[in-house]
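> take this sequence and fold it.
(chains A and B)
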Amino acid sequence: GQQVKQSSPSLTVQEGGISILNCDYENDMFDYFAWYKKYPDNSPTLLISVRSNVDKREDGRLTVFLNKSGKHFSLHITASQPEDTAVYLCAAGWNNNAGAKLTFGGGTRLTVRP
Amino acid sequence: NAGVIQTPRHKVTGKGQEATLWCEPISGHSAVFWYRQTIVQGLEFLTYFRNQAPIDDSGMPKERFSAQMPNQSHSTLKIQSTQPQDSAVYLCASSSGTGGSAETLYFGSGTRLTVL
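Predicted coordinates for the structure are as follows:
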């Protein structure tokens, strides 16, 4: 089954608005959560990540919210810009001292309209 | 730092042929991962190595796929008797494996495999 799931395949937001991207996970062992950004024909790159010992992390216009009891995390992008248009992949994993294997969601395509 | 290097960028094979994909991780990174990307399945984990040792190959189709990491500077993914359903973009990633950003994956540009 899908251990990490993004239920919305697409999202359209007006420029200047808030984009909210959601991700649900199943595995209680996950203690690391991340959002990657992917442009067409490019590979994913890390945007922001958070560990399970915090429930929120901010970095500029980006905020990750983690709800461990609900097995859910989200990415909020404030003041959305057309250049934020991309596919956003959530990922989760845990570091078992042999490295951390990340499981990715299916992605949400964000379109920011000027 | 050239990043993760994958070759070839594109590979076309006939059904039943073998395909070998190459990956050079970022120098000093101890963990190397292989993922497969398709429109239907998204980004699927295949296998990973840490310090050249295979750690988890739970995503690998058992019969025709194999991966090796003979030294710290490269890893290969080999697909025997390729089938049309193997067509995908195969992504290699590496991570430092230690420190505060141990889990950050740095992806290569991928190899687009097309099986006719």
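> name the element the residue nearest to the spatial centre of chain B belongs to?
Centre of chain B computed as the mean C-alpha position; nearest residue by Cα atoms, centre = their mean is B:W34, 3.1 Å away. Taking DSSP states H and E as the criterion, B:W34 maps to strand B:31-38.
> host element of the closest residue to the residue nearest to the centre of chain B other than its chain neighbours?
The spatial neighbour of B:W34 that comes closest, neighbours along the chain excluded (Cβ to Cβ, 6 or more residues apart in numbering or on different chains), is B:L46 at 4.2 Å. The C-beta positions use only the backbone N, C-alpha and C, and glycine is treated the same way. Mapping B:L46 onto the secondary structure by DSSP H and E places it in strand B:42-50.
> show residues contacting that strand.
Judged by Cβ atoms under 8 Å, 6 or more residues apart in numbering or on different chains, the contacts made with strand B:42-50 from elsewhere in the structure are A:44, A:89, A:98-99, A:101-107, B:30-38, B:54-60, B:65, B:67, B:69, B:75, B:77, B:90-91, B:97.
> rerun that using 6 Å as the cut-off
A:98-99, A:101, A:104, A:106-107, B:30-37, B:55-57, B:59-60, B:67, B:69 (Cβ atoms under 6 Å, 6 or more residues apart in numbering or on different chains).
> just after the least confident helix or strand in chain B by mean pLDDT, pick out the following helix or strand.
Taking mean pLDDT, DSSP states H and E as the measure, strand B:53-56 is the helix or strand of chain B with the lowest mean score, a mean of 92. Taking DSSP H and E as the definition, the helix or strand that follows strand B:53-56 towards the C-terminus is strand B:65-71.
> just checking, what packs against that following strand?
Using 3 or more Cβ pairs under 6 Å, 6 or more residues apart in numbering or on different chains; DSSP states H and E as the contact criterion, the secondary-structure elements in contact with strand B:65-71 are strand B:74-79.
> paired strands for the next helix or strand after the strand it packs on, with orientation please.
Proceeding C-terminally, strand B:74-79 gives way to strand B:88-95 as the next helix or strand, assigned by DSSP H and E. For strand B:88-95, the paired strands and their directions (DSSP bridges) read strand B:31-38 (antiparallel), strand B:106-107 (antiparallel), strand B:111-115 (antiparallel).
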